[in-house]
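1. The sequence and its predicted three-dimensional model are supplied below.
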Amino acid sequence: MAITRDQKRPSAAPIWSFLNDATFRSIVYQLVTAASIILFFWWVIGNTTANMAQRNMSAGFDFLNVSAGFGISFTLIPYREGDSYLRVFQVGIANTLLVAIISIIFATVLGLFVGLARLSSNWLIRTLARSYVEVLRNTPLLLQIIAWFFGVFNLLPRPRDSIVWLDVFALNNRGFYMPAPLPEAGFNAVLLTLALAIVAAVYIRIWAKRRQDATGQIFPSLSVGAGLVFGLPLVVFLALGQPLSWEIPELRGFNFQGGLSVPPSFCALVIALSVYTSCFIAEIVRSGIQSVSRGQTEAAKSLNIKPNWTMRLIVLPQALRVIVPPLISQYLNVTKNSSLAIAIGFPDLVSVWMNTSLNQSGRAIPIVAMTMAFYCAASLFVSLLMNAYNRRILLKER
């Protein structure tokens, strides 16, 4: 059979055949998506700038060096009424971080305790823990904050009728008062000793873990570390003649003077955030522990291992891989939910920056942008730390 000239010539590929290439399509789609996002934000920024120019409004950050001219009731760092708006921003960040860190610590401890109580074999303890979780986690957080502030701390006695403990602690409707430490010469050596003791305790903990993995022998690293952290600085403190004094709060006139004072709004906010978040952490802990096979516990019992050792050395290390990921979300929620402090007048970032500073300066765009940047940075930092810890505790195949 004869082959014609047209049959000898290979057929030309269609010019649109490159569309069948998955790699090419993915690159095109990503470029189109990125260009669309850039154009959208370009349009938003340009439209916003034009509208602000028509209203003679400025979007710059030059106002940060202008004097704010208002006071703040509670400050973790020094602040005066004549300080700049930038200082107000720093005060708001410090107050917000203080609330978030303390609430996270309390919520974690309380959540762990309640989560373990949910698994108790005692019917009464188990029922009380379940009731605690079901009632508080199904109540709005804002309502709990308001209830603690107006229903508890505002109803405390007046300063003259304060609740006093050990003649140094006082609680009334204006806050909680405690002694303030006054470091003296030589106290820096105590702090240095404390830092070295913490480093030594961490090293001992790491060494004990490696030793246990290699030999199976358990070293009491927690008790030894606690002895170093508390005992060694105490010895140095006593040897240097106790270089620390205390300023005791005293009732003078209509209120207590001296010492450290914590406003009722701070107490109500921390308690509400801690209690509310602990309910979710308790369920996370319970589900994480229940995810560990019962055979692990039964094997530990057959080896006559103590129950507390079984929980601390066998069950919890395996449950952490289930506990940590959702725990990250709860820590982020605590940081963001602290913005509800504006409801009871606590001077957090939203209250002093998004509210008072914005109303006085009128710089809505930079103030909102700085606030969003802080919460975004704080959330990313918490996620970074917790994800690093999560990768460290993941079970690794051998």
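-> Happy to help now that I have it.

2. And for stretch 70-84, what's in contact with it?
-> If you take C-beta atoms under 8 Å, 6 or more residues apart in numbering as the criterion, stretch 70-84 is touched by 64-69, 87-88, 90-91, 94-95, 98, 263, 265-266, 345-347, 352, 356, 360. The C-beta positions use only the backbone N, C-alpha and C, and glycine is treated the same way.

3. for the stretch 51-200 of the chain, what spans make up the helices?
-> If DSSP state H, counting those that start in this stretch is used as the criterion, the helices of the stretch 51-200 of the chain fall at 85-118, 123-137, 141-151, 187-215.

4. Would you point to the one among the ones you listed that's packed deepest?
-> Counting by mean count of other C-beta atoms under 10 Å, helix 85-118 has the highest mean neighbour count of the helices of the stretch 51-200 of the chain, with a mean of 20.

5. Who are the packing partners of it?
-> With contacts taken as 3 or more C-beta pairs under 8 Å, 6 or more residues apart in numbering; DSSP states H and E, helix 85-118 sits against helix 123-137, helix 264-290, helix 316-337, helix 349, helix 364-393.

6. So for the last one, what gets flagged as buried?
-> Buried residues in helix 364-393, counting neighbours by 16 or more other C-beta atoms under 10 Å, are found at 365, 366, 367, 370, 371, 374, 375, 378, 379, 382, 386, 390.

7. Around the spatially closest residue to residue 107 that is not a sequence neighbour, count how many other residues there are.
-> Spatial nearest neighbour of residue 107, chain neighbours left out: residue 277 (4.0 Å); criterion: C-beta to C-beta, 6 or more residues apart in numbering. Residues lying near residue 277 (other C-beta atoms under 10 Å) number 25.

8. Ok, residue 250 next?
-> For residue 250, the count of nearby residues is 13 (other C-beta under 10 Å).

9. which stretches of the stretch 51-200 of the chain aren't confidently modelled?
-> Within the stretch 51-200 of the chain, the ranges that satisfy pLDDT under 70 run 52-53, 55-59.

10. and residue 194, which of the helices and strands packed on helix 85-118 is closest to it?
-> Smallest distance to residue 194 across the helices and strands packed on helix 85-118 (C-beta to C-beta): 22.5 Å, for helix 364-393.

11. and that closest one, what does it pack onto?
-> Using 3+ C-beta pairs under 8 Å, 6+ apart: helix 364-393 touches helix 85-118, helix 316-337, helix 358-361.

12. 10 Å instead?
-> Applying 3 or more C-beta pairs under 10 Å, 6 or more residues apart in numbering; DSSP states H and E, one finds that helix 364-393 makes contact with helix 22-54, helix 85-118, helix 316-337, helix 349, helix 358-361.

13. I'd like the mean pLDDT over that helix, please.
-> Mean pLDDT, helix 364-393: 83.

14. any chance of the buried residues of helix 364-393 in TSV, plus distance to residue 33?
-> What follows is those, written out as TSV (distance: C-beta to C-beta, whole Å):
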residue	distance to residue 33
365	26
366	29
367	31
370	28
371	28
374	28
375	26
378	28
379	24
382	29
386	30
390	30
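
15. nearest to residue 176, of these?
-> Here the nearest of these to residue 176, counting by C-beta to C-beta, is residue 378; it sits at 26.2 Å.

16. Grab the nearest non-local neighbour of the closest one.
-> Closest to residue 378 by C-beta to C-beta, 6+ apart is residue 335, at 5.3 Å.

17. Repeat that for residue 313.
-> residue 218 (7.5 Å).

18. Can you classify that neighbour by secondary structure?
-> Three-state assignment for residue 218 (DSSP: H, G, I helix; E, B strand; the rest coil): coil.

19. Go ahead and confirm it touches residue 208.
-> Yes. In this structure, residue 218 is within contact of residue 208 by C-beta atoms under 10 Å, at 7.8 Å.

20. and residue 64, how many neighbours?
-> By the measure other C-beta under 10 Å, the count of residues near residue 64 is 19.

21. Distance-wise, check the residue nearest to it when sequence neighbours are not counted relative to residue 62.
-> Nearest in space to residue 64, with sequence neighbours left out and distances taken as C-beta to C-beta, 6+ apart, is residue 86 at 4.2 Å. Separation of residue 86 from residue 62 (C-beta to C-beta, to the nearest Å) stands at 11 Å.

22. Columns distance to residue 296 on top of the helices and strands packed on helix 364-393, output as TSV?
-> Formatted as TSV, the entries for the helices and strands packed on helix 364-393 read as follows, by distance: least, C-beta to C-beta, whole Å:
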stretch	distance to residue 296
helix 22-54	45
helix 85-118	16
helix 316-337	7
helix 349	45
helix 358-361	55
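
23. out of the ones you listed, nearest to residue 132?
-> Closest to residue 132 of those is helix 85-118 (C-beta to C-beta; 6.0 Å).

24. between that closest one and helix 123-137, how big is the angle?
-> Note on geometry: by axes from the mean of the first three to the mean of the last three C-alpha atoms, to 10 degrees, helix 85-118 and helix 123-137 are set 150 degrees apart in direction.

25. and helix 85-118 with helix 316-337, angle?
-> Using the same axes, to 10 degrees, the direction of helix 85-118 lies 140 degrees away from that of helix 316-337.

26. Could you give the separation of helix 85-118 from the chain centroid?
-> Distance of helix 85-118 from the chain centroid (C-alpha atoms, centre = their mean, to the nearest Å) equals 5 Å.

27. hang on, the earlier thing: can I get the helices and strands packed on helix 85-118 in CSV with distance to residue 39?
-> Shown next, in CSV, are those (distance: least, C-beta to C-beta, whole Å):
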stretch, distance to residue 39
helix 123-137, 43
helix 264-290, 40
helix 316-337, 30
helix 349, 32
helix 364-393, 20
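
28. List just the one of the ones you listed that sits closest to residue 45.
-> For the helices and strands packed on helix 85-118, the distance to residue 45 is smallest for helix 364-393, at 9.8 Å, taking C-beta to C-beta.

29. State the distance from the residue nearest to residue 247 when sequence neighbours are not counted to residue 249.
-> Using C-beta to C-beta, 6+ apart and skipping residues adjacent in sequence, the residue nearest residue 247 is residue 180, 4.4 Å away. From residue 180 across to residue 249, the span is 8 Å (C-beta to C-beta).
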